[in-house]
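S.K.: Just a sequence and a predicted model for now, questions to come.
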Amino acid sequence: MISIKPLLFSAVIATSRSTFLSAAAMSTSATNQSCSNGKSAVVFLHGLGDTPAGWSSLQFQLPSIRKNLGEDVHYVFPPAPTIGLTINGGMEMSGWFDLFDWPIGISAKDDRDGKLAAVQQIEKTVEKLEKEMGIPPSRVVVGGFSQGGAVALLAAYHRRQEGKSPFAGCVCLSGWLTLKDDLTVTEEVAKATPLYWGHGKRDDKVLFEQQAHGVEKLRSLGVDVTDQSFPMGHESHPQEMEAMAEFVEKVLFPSK
C-alpha cells in the first residue's frame, strides 16, 4: 500500500460562497437570460481528496485578471464522489476515479469505468446549465486540476462524439490524457474546442512527461493546444492563472 495525501495543491483561496449547481443558483431570472447577452460558463473540477471549495475562488480570481470573466460567466465546481483508492489500500477519499499507479506516468493503468462515470456526471452538469440557464455547451469551458484535468480532457475530446455540441474550450492544469488506446476526436470538436494545458516541470505526482505526451497526441488529432510549463511541482502558479484567464476570455469572448 502506498500512503498518499490528498492532492489539494492550488494557488487559489477557498471561499464560503456556494459552488454547486442547485435550484437556488439557477434562479428564474438566471434561467431566462439569453446567451445573446454573452452568458457563458466555466465548469472546473477539483483534484483527488479535494472539494469544490479548493478551487472556488476562481470565480473571483479570473475576473480580477480579465474583467470580461465576471458577471456574464457562471462558475460551477462539481463535487467528486467518495471512492476507495486502490493505491491507498481501499482508503476512501473524494476522487473522480481509482488510481493503480503512483506517481502517475504515461504508462499508468486506467480505471475506465470510473472515468466514464465521471464524464457522465459532467455531462449532466452541462445539460443542466443548458436546460435551466440557457447556456449551451458551445458557451462552456470545461477544465480541472490533476484528476479533474484528466476528466475534463476526456469529456471535451474523447467522449464528445457526433451529435454532441463541442465545448468552447478546455483547460487542463497538471492533468493527464487517459484512455489513449481508443482516443478519437471528431473534426468538429478538434476545430471548435481549443485546449490550454499548464504543468509543473517538477511535478512528482502527475509526472511532467504527461504533458508532452498528451499534447503531442491531441495535436496529432487536430486539436489547437496552448501548452506552458512552470518551475513548480504539483500545484498552480500565478502566471498559469493569468494564462488561463487569457485563454478563457479568448474562447468565450473572441470579439472583446
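M.R.: It's in.
S.K.: what's the burial count for the nearest residue to G222 once chain neighbours are set aside?
M.R.: Counting by CB to CB, 6 or more residues apart in numbering, A190 is the residue found nearest to G222 once chain neighbours are left out, at 3.5 Å. In short, each C-beta sits where N, CA and C put it, glycine included. Using other CB atoms under 10 Å, A190 has 19 neighbouring residues.
S.K.: shouldn't A190 be in contact with R219?
M.R.: No - when contacts are counted by CB atoms under 8 Å, A190 is not listed as touching R219 (9.6 Å).
S.K.: How about the secondary structure of the residue positioned nearest the centre of the chain?
M.R.: In the chain, the residue lying closest to the centroid (CA atoms, centre = their mean) is G143, at 1.9 Å. Look at G143: counting by DSSP: H, G, I helix; E, B strand; the rest coil, its state is strand.
S.K.: which residues sit in contact with it?
M.R.: G143 makes contact with V42, V43, F44, L45, G149, A152, C170, V171, C172, L173, Y196, M244, according to CB atoms under 8 Å, 6 or more residues apart in numbering.
S.K.: Strands of the stretch 51-200 of the chain, residue ranges please.
M.R.: Taking DSSP state E, counting those that start in this stretch, the strands of the stretch 51-200 of the chain run over residues 73-76, 82-85, 91-94, 140-145, 169-173, 195-200.
S.K.: what angle do the helix or strand harbouring V42 and strand 140-145 make?
M.R.: Assigned by DSSP states H and E, V42 falls within strand 40-45. Interaxial angle, strand 40-45 versus strand 140-145 (axes from the mean of the first three to the mean of the last three CA atoms, to 10 degrees): 20 degrees.
S.K.: hmm, who's touching the helix ranked longest in the chain?
M.R.: Using DSSP state H to define each element, the chain has its longest helix at helix 112-133. Applying CB under 8 Å, 6+ apart, the contact partners of helix 112-133 are 21, 26, 30-31, 33, 39, 41, 43, 45, 74, 76, 78, 80-81, 83, 96-98, 135-137, 140, 142, 150-152, 154-155, 159, 167, 178-179.
S.K.: quick one: low-confidence parts of the chain?
M.R.: Residue ranges of the chain with pLDDT under 70: 1-38, 160-162, 256.
S.K.: pretty sure G105 contacts F208?
M.R.: No - counting by CB under 8 Å, G105 sits too far from F208 to count as a contact (9.8 Å).
S.K.: Give me the more crowded residue out of these two.
M.R.: F208 (18 against 14).
S.K.: Name the nearest residue to V223, ignoring sequence neighbours.
M.R.: A190 is the one closest to V223 (CB to CB, 6+ apart), at 5.1 Å.
S.K.: who touches the one you found in this structure?
M.R.: L221, G222, V223, D224.
S.K.: Same list, the residues you listed, but as a markdown table with neighbour count please.
M.R.: Below are the contacts of A190 laid out as a markdown table (neighbours: other CB atoms under 10 Å):
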| residue | neighbour count |
| --- | --- |
| L221 | 15 |
| G222 | 12 |
| V223 | 20 |
| D224 | 15 |
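S.K.: can you redo those residues as CSV with secondary structure and distance to G70?
M.R.: Below are these laid out as CSV (DSSP: H, G, I helix; E, B strand; the rest coil; distance: CB to CB, whole Å):
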residue, secondary structure, distance to G70
L221, coil, 34
G222, coil, 32
V223, coil, 28
D224, coil, 26
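S.K.: Pick the one among those closest to V215.
M.R.: Lowest distance from V215 to those (CB to CB) belongs to V223, with 8.8 Å.
S.K.: so how far is K67 from that closest one?
M.R.: According to CB to CB, to the nearest Å, V223 stands 28 Å off from K67.
S.K.: elements contacting the strand holding V42?
M.R.: Counting contacts by 3 or more CB pairs under 8 Å, 6 or more residues apart in numbering; DSSP states H and E, strand 40-45 is packed against helix 58-65, strand 73-76, helix 112-133, strand 140-145, helix 147-153.
S.K.: Now render these as a markdown table, adding distance to V215.
M.R.: Converted to a markdown table, the helices and strands packed on strand 40-45 look like this (distance: least, CB to CB, whole Å):
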| stretch | distance to V215 |
| --- | --- |
| helix 58-65 | 23 |
| strand 73-76 | 26 |
| helix 112-133 | 19 |
| strand 140-145 | 15 |
| helix 147-153 | 11 |
